[in-house]
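K.L.:
Fold the following for me, if possible:
(chains A and B)
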Amino acid sequence: DAGVTQSPTHLIKTRGQHVTLRCSPISGHKSVSWYQQVLGQGPQFIFQYYEKEERGRGNFPDRFSARQFPNYSSELNVNALLLGDSALYLCASSPWTSGSDEQFFGPGTRLTVL
Amino acid sequence: DQQVKQNSPSLSVQEGRISILNCDYTNSMFDYFLWYKKYPAEGPTFLISISSIKDKNEDGRFTVFLNKSAKHLSLHIVPSQPGDSAVYFCAVQYYGGSQGNLIFGKGTKLSVKP
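P.N.:
From the prediction side, this is the model:
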């Protein structure tokens, strides 16, 4: 069975540009969450989506947005990129069948902002 | 302020010996605790978890201990193997809350020497 997939694997952008990152969850999983991991830190929660609705949002500016599609895949969008947005962006999926389902992470997208 | 602290950035252990990784948290409302393992160029992989109603959970070579009064949890790996060399993240969650909202520590890099 395929795990969580993310695309692209690496991306280089310049300040002020916009970026779209994509995530496909494990088949049957309806919840997708996004995390940002900067060097030397643990992953930090950005968004969670379930059944195409936003169910949770972390402490990130409005430049960050996301959406979930009918097939449960998801996109994370970041506008007006800053140097500090350089990070590994992780997507995680879970089935959402109980209060605390295990989350399965993808390999991440490495974003570099120059 | 960090809600989840892993105060040891790195740990080196001899193969066959015990590895003990520690984690402290600040909020007594947290009621679900997880450990993830991360290899370079891969996403975090779920290792083991424990709910606040327990004080110990075992899975093979891995045991997690929870001390609620001290707001402390630890991961024991016995015996340690070279393949265990990775970054280990402690994460906490509110049970029944936003399932995507895992709060991670900064991680501890474990090196198991043959």
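K.L.:
my guess is B:S19 meets B:V112, correct?
P.N.:
Yes: using Cβ atoms under 8 Å, B:S19 is in contact with B:V112, at 7.0 Å. For every residue, glycine as well, the C-beta is placed using N, CA and C.
K.L.:
residues from chain A in reach of chain B?
P.N.:
Residues of chain A found near chain B (Cβ under 8 Å from any Cβ of the partner chain) are A:4, A:31-33, A:35, A:40-45, A:47-48, A:55-56, A:58, A:90, A:92, A:94, A:96, A:99-108.
K.L.:
So which of those residues sit within strands?
P.N.:
Among those, DSSP state E puts A:31-33, A:35, A:44-45, A:47-48, A:55-56, A:90, A:92, A:94, A:104-105 in strands.
K.L.:
So, low pLDDT: which residues of chain B?
P.N.:
For chain B, the stretches flagged by pLDDT under 70 are B:95-100.
K.L.:
Pick the one among the ones in strands among the residues of chain A next to chain B closest to A:S74.
P.N.:
Distance to A:S74 across those (Cβ to Cβ) is lowest for A:V32, with 4.2 Å.
K.L.:
ok, that closest one - contacts?
P.N.:
Neighbouring residues of A:V32 by Cβ atoms under 8 Å, 6 or more residues apart in numbering or on different chains: A:23, A:25, A:48-50, A:68, A:72-74, A:91-93, B:100.
K.L.:
Repeat that for B:C90.
P.N.:
B:4, B:6, B:21, B:23, B:33-35, B:73, B:75, B:104-105.
K.L.:
before we move on, what SS does it have?
P.N.:
strand (DSSP: H, G, I helix; E, B strand; the rest coil).
K.L.:
Then A:G84?
P.N.:
A:G84 - assigned by three-state DSSP - is helix.
K.L.:
That one: what's it in contact with?
P.N.:
A:38, A:113.
K.L.:
And for the one 5 residues further on?
P.N.:
If a contact means Cβ under 8 Å, 6+ apart, then A:Y89 has A:6, A:21, A:34-37, A:76, A:108-111 as its contacts.
K.L.:
now the residues you listed in a markdown table, with neighbour count?
P.N.:
Output for those, formatted as a markdown table (neighbours: other Cβ atoms under 10 Å in any protein chain shown):
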| residue | neighbour count |
| --- | --- |
| A:Q6 | 21 |
| A:L21 | 21 |
| A:W34 | 26 |
| A:Y35 | 27 |
| A:Q36 | 22 |
| A:Q37 | 21 |
| A:L76 | 24 |
| A:G108 | 26 |
| A:T109 | 21 |
| A:R110 | 16 |
| A:L111 | 21 |
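K.L.:
want to throw the residues you listed into CSV with pLDDT and distance to B:Y88?
P.N.:
Putting the contacts of A:Y89 into CSV (pLDDT from 0 to 100; distance: Cβ to Cβ, whole Å) gives the following:
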residue, pLDDT, distance to B:Y88
A:Q6, 97, 22
A:L21, 98, 26
A:W34, 96, 22
A:Y35, 96, 16
A:Q36, 97, 19
A:Q37, 96, 14
A:L76, 98, 26
A:G108, 97, 17
A:T109, 97, 23
A:R110, 96, 21
A:L111, 97, 24
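K.L.:
TSV for the residues you listed, including distance to B:V87?
P.N.:
Listed next are those as TSV, based on distance: Cβ to Cβ, whole Å:
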residue	distance to B:V87
A:Q6	19
A:L21	22
A:W34	20
A:Y35	15
A:Q36	16
A:Q37	10
A:L76	23
A:G108	13
A:T109	18
A:R110	16
A:L111	20
